[in-house]
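J.: Output the structure for:
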Amino acid sequence: MDGTLTIIYEPIEDGWWMATVAEYPGATSQGATQEEAKEMALSAMRDLIEARRARLLGEVGPDGSSESVRIAG
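T.: The predicted structure follows:
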């Protein structure tokens with residue numbers, strides 16, 4: 001994996017764009033331009049990652065552990 005994400009753009013009403021981060025279900029947003037839609041979708045992805053991390057860390061049992069790792073290609 002090389003750390004690259006795929007953004008899918010679709011035109012929606014009133015000339016706006018919807019952007020979806022293909023690798024992160026639920027990371028979708030919209031904007032007046034493709035660039036704005038992309039930035040909003042990436043922000044949604046970061047929010048999803050943080051929420052999932054917090055939820056799962058809260059479920060780690062007393063004998064469990066966690067580790068942060070960086071994805072590199």
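J.: avg pLDDT for stretch 32-46?
T.: Computed over stretch 32-46, the mean pLDDT rounds to 97.
J.: buried residues in it?
T.: The neighbour-count check on stretch 32-46 (16 or more other Cβ atoms under 10 Å) flags 37, 38, 40, 41, 42, 44, 45 as buried. The C-beta positions use only the backbone N, C-alpha and C, and glycine is treated the same way.
J.: ok, now stretch 17-28?
T.: Those would be 17, 18, 19, 20, 21, 24, 27, 28, for stretch 17-28 by 16+ other Cβ under 10 Å.
J.: Of those residues, which pair is most distant in space?
T.: Maximum pairwise distance among the buried residues of stretch 17-28 (Cβ to Cβ): 17.7 Å, between 17 and 24.
J.: circling back: and which of the buried residues of stretch 32-46 is nearest residue 64?
T.: residue 45 (25.5 Å).
J.: Now do the closest one against residue 10, distance only.
T.: 17 Å (Cβ to Cβ, to the nearest Å).
J.: and what of residue 48?
T.: According to Cβ to Cβ, residue 48 stands 19 Å off from residue 10.
J.: Looking at the two, which one has more neighbours?
T.: residue 48 (15 against 12; other Cβ atoms under 10 Å).
J.: Report the contact partners of that one.
T.: Listed by Cβ atoms under 8 Å, 6 or more residues apart in numbering, the contact set of residue 48 reads 24, 26, 27.
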